[in-house]
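# Have a look at this fold, sequence not included:
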C-alpha cells in the first residue's frame with residue numbers, strides 16, 4: 001500500500017509534461033550506445049576525445065538531466081504543493097531546447113565545429129534558464145518547506161553552477177576563452193553536475209519516494225536537514241579553494257574537503273540501504289534492485305575518489321578519471337534514475353486514470369494497477385541487461401580493444417528495453433483513458 005500522505009496530488013500537471021521527458025531520455029542513451037559502437041576502443045583512451053565527450057554528454061544531459069527536469073516539473077507541485085507557473089509552456093520549451101541542445105552538443109564535439117558548440121551552449125543555456133526560473137518561482141512560493149523542497153532548492157542552485165561551469169568549459173574547448181583552466185573547469189563541472197544537480201535532487205526526492213514506494217521508515221530529520229546542506233557547502237568550499245589556489249588536488253585542504261563530501265555521500269547510501277533492508281514491503285522488484293546497485297556503488301566510488309586525492313599516482317593515471325566517469329554515470333546516476341522511472345511512470349498513469357474515472361463517474365471500467373503498466377518480468381529483464389552493461393563498461397576501461405563494443409551493444413540493448421517498457425506503459429494508459437472516454441460518452445447517450 002502506497003503511503004501518499006503529505007502529497008498534493010490534485011496539483012499534478014498534465015501527464016504529458018513529464019512523459020515527454022521520460023520517453024526522450026532513453027533515445028539519447030541509445031544514441032550514446034550507437035556512438036560508442038561506431039568509435040570503438042578510441043572512446044576510452046582519453047576523456048578529452050571528441051567521441052568520449054559526445055557520449056558522456058548524451059548520457060549526462062540527454063538521459064540524466066532530461067529525466068531530472070521532467071521529474072521535478074512533476075514532483076514540485078505534488079511534493080511541495082506549489083505548481084510550476086505556465087507548466088505546459090515551460091515543459092514544452094524546456095524539452096525542445098534540451099533535446100536540440102544535447103544533439104548539437106554531441107554534434108559539435110564530433111565535428112569540432114565551434115559554431116555548433118556555441119549553438120548548443122545557447123540552446124542548453126536558455127533551456128535550463130527557463131527551467132530554473134520556473135522552478136525557482138514554484139520553490140519560492142512553497143508555503144511549508146520540508147526536507148525535499150529544501151534539497152530541491154540546493155539542487156537548482158547546483159544546476160545553475162553546472163550550466164555556468166559547463167558553458168565556460170565549452171568556450172575554453174572551442175578556444176574562445178583560452179584552454180589554461182579547461183581541465184579544472186571540466187572537473188568541477190562534472191562534480192557539480194552529477195553530485196550537485198543530479199545527486200542532490202535524487203537525494204532530496206528519495207527522502208519522500210523511498211518511504212512512499214518501498215514502505216520504509218522515514219529518514220532521520222537531522223540527516224535530511226544536514227546532509228544536502230553539507231554536500232552543497234563542501235562543494236562550494238572546494239570550488240572556491242580550487243579557484244584561489246593552483247594545483248588544487250595536491251593541497252591538503254582540498255583533499256580534506258573531498259573526504260568530507262565522500263563521507264556525506266557514504267552516510268546517505270548507508271542510511272538508505274538500512275531503510276531498504278528494514279522495509280515493510282518485502283517484495284524485491286526491479287526498482288529495489290536498481291536502488292541497491294546505486295546505493296552500493298556510491299560508497300565504493302566515494303572511497304575510490306577520495307583515495308585518488310591521497311594517492312597522487314593513482315589520480316594521475318588515465319584509468320582513474322575513466323573509472324570515475326563510468327562509475328558516476330552507470331554505477332550511480334543511471335540505476336537510480338532508471339529505478340525511479342519504474343515507480344513514477346506507473347504511479348502517474350494509475351493516478352491520472354483514477355482522477356479521470358472519478359471526474360467522469362465511470363466506475364464500470366477497471367483501471368490497471370501499477371504492476372500492469374510495467375510488468376516485473378519486463379523490468380527485471382532490463383535490469384539484468386543494465387547490470388551487464390555496467391560490468392562491461394568498467395572492465396572496458398582496462399581492456400577497451402575487446403570490451404568497448406560489447407559494452408556499447410549492451411547499452412543499446414538496455415535503452416531499447418527501457419524504451420519498450422515505457423512505451424508499453426503509455427500505450428496501456430492511453431487504452432484505459434480512451435475506454436473511459438468511450439464508456440462515459442456511451443452512458444451519456446443512453447441517458
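Now that the structure is in, tell me what you want to look at. Everything numeric here is computed off the predicted structure, so don't read it as measured data. Numbers count the residues shown, from 1 in each chain.
# okay, how far is it across stretch 37-51, tip to tip?
Using Cα to Cα, to the nearest Å, the end-to-end distance of stretch 37-51 comes out at 10 Å.
# buried residues in that stretch?
Neighbour-count burial for stretch 37-51, counted by 16 or more other Cβ atoms under 10 Å, picks out 37, 39, 43-44, 47, 50-51. Quick note: C-beta positions are derived from backbone N, CA and C, even for glycine.
# roughly how far out does it sit from the chain middle?
23 Å (Cα atoms, centre = their mean, to the nearest Å).
# which outside residues touch it?
35-36, 52-53, 55-56, 109-110, 112, 186, 318, 321-322, 325, 396-397, 400-401, 404-405, 408-409, 412 (Cβ atoms under 8 Å, 6 or more residues apart in numbering).
# Mind checking which of the buried residues of stretch 37-51 are in helices?
Among the buried residues of stretch 37-51, the residues falling in helices (DSSP state H) are 37, 39, 50-51.
# ok, those residues vs residue 314, which is closest?
Checking these against residue 314 by Cβ to Cβ gives residue 51 as the nearest, at 25.2 Å.
# that older thread, what subset of the contacts of stretch 37-51 is buried?
Neighbour-count burial (16+ other Cβ under 10 Å) applied to these gives 35-36, 52-53, 55-56, 109-110, 186, 321-322, 325, 396-397, 400, 404-405, 408-409, 412.
# Among those residues, which are located in helices?
Under the assignment DSSP H, the buried ones among the contacts of stretch 37-51 contribute 35-36, 52-53, 55-56, 109-110, 186, 321-322, 325, 396, 400, 404-405, 408-409, 412 to helices.
# Report the buried residues of the helix or strand bottoming out on mean pLDDT in the chain.
Sorting the helices and strands of the chain by mean pLDDT, DSSP states H and E puts helix 312-316 at the bottom, at a mean of 76. Using 16+ other Cβ under 10 Å as the burial criterion, the residues of helix 312-316 that qualify are residue 315.
# now do stretch 408-428
Buried residues in stretch 408-428, counted by 16+ other Cβ under 10 Å: 408-419, 421-422, 425-426, 428.
# Contacts for it, please.
In contact with stretch 408-428 (Cβ under 8 Å, 6+ apart) are residues 19, 22-23, 26-27, 29-30, 32-34, 36-37, 338, 341-342, 345-346, 349, 368, 372-374, 378-379, 381-382, 385-386, 388-389, 392-393.
# Can you turn the buried part of these into a ChimeraX selection?
Restricted to buried positions by 16+ other Cβ under 10 Å, the ChimeraX selection for the contacts of stretch 408-428 reads:
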select :19,22,23,26,27,29,30,32,33,34,36,37,338,341,342,345,346,349,368,372,373,374,378,379,381,382,385,386,388,389,392,393
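# for the stretch 201-350 of the chain, what are the low-confidence residue spans?
Within the stretch 201-350 of the chain, the segments meeting pLDDT under 70 span 245-254.
# hmm, try it at 90
Across the stretch 201-350 of the chain, residues meeting the criterion (pLDDT under 90) sit at 201-217, 221-222, 224-225, 234-266, 277-288, 298-299, 301-325, 328, 343-344, 347-350.
# Likewise for the stretch 51-200 of the chain?
If you take pLDDT under 90 as the line, the stretch 51-200 of the chain has these spans: 71-72, 74-85, 112-114, 118, 138-153, 163-200.
# again, only this time at 80
Low-confidence segments of the stretch 51-200 of the chain (pLDDT under 80): 78-82, 142-148, 170-187.
# quick one: the helices in it?
Per DSSP state H, counting those that start in this stretch, the stretch 51-200 of the chain carries helices over the ranges 66-80, 87-111, 114-140, 147-174, 182-191, 199-214.
# In TSV, list those along with distance to residue 362.
Converted to TSV, these look like this (distance: least, Cβ to Cβ, whole Å):
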stretch	distance to residue 362
helix 66-80	24
helix 87-111	25
helix 114-140	32
helix 147-174	34
helix 182-191	50
helix 199-214	28
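# one step back: now for the ones in helices among the buried residues of stretch 37-51: which two are most distant?
Among these, 37 and 50 lie farthest apart (Cβ to Cβ), at 15.6 Å.
# Take the ones in helices among the buried residues of stretch 37-51 and write them to JSON lines, including distance to residue 74.
Output for those, formatted as JSON lines (distance: Cβ to Cβ, whole Å):
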{"residue": "37", "distance to residue 74": "33"}
{"residue": "39", "distance to residue 74": "35"}
{"residue": "50", "distance to residue 74": "35"}
{"residue": "51", "distance to residue 74": "34"}
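# Now residue 25: closest residue in space that isn't a chain neighbour?
Take residue 25 and drop its neighbours on the chain: the residue closest to it by Cβ to Cβ, 6 or more residues apart in numbering is residue 66, 4.2 Å away.
# Distance of residue 27 relative to residue 329?
Distance, residue 27 to residue 329, by Cβ to Cβ, to the nearest Å: 17 Å.
# Quick check: residue 364 touching residue 435?
No. Taking Cβ atoms under 8 Å as the definition, residue 364 is not a contact partner of residue 435, at 9.8 Å.
# In terms of neighbours, single out the busier of these two.
The residue with more neighbours, out of residue 364 and residue 435, is residue 435; 16 against 12, by other Cβ atoms under 10 Å.
# so where does that one fall, helix or strand?
Residue 435 belongs to helix 400-446 when assigned by DSSP states H and E.
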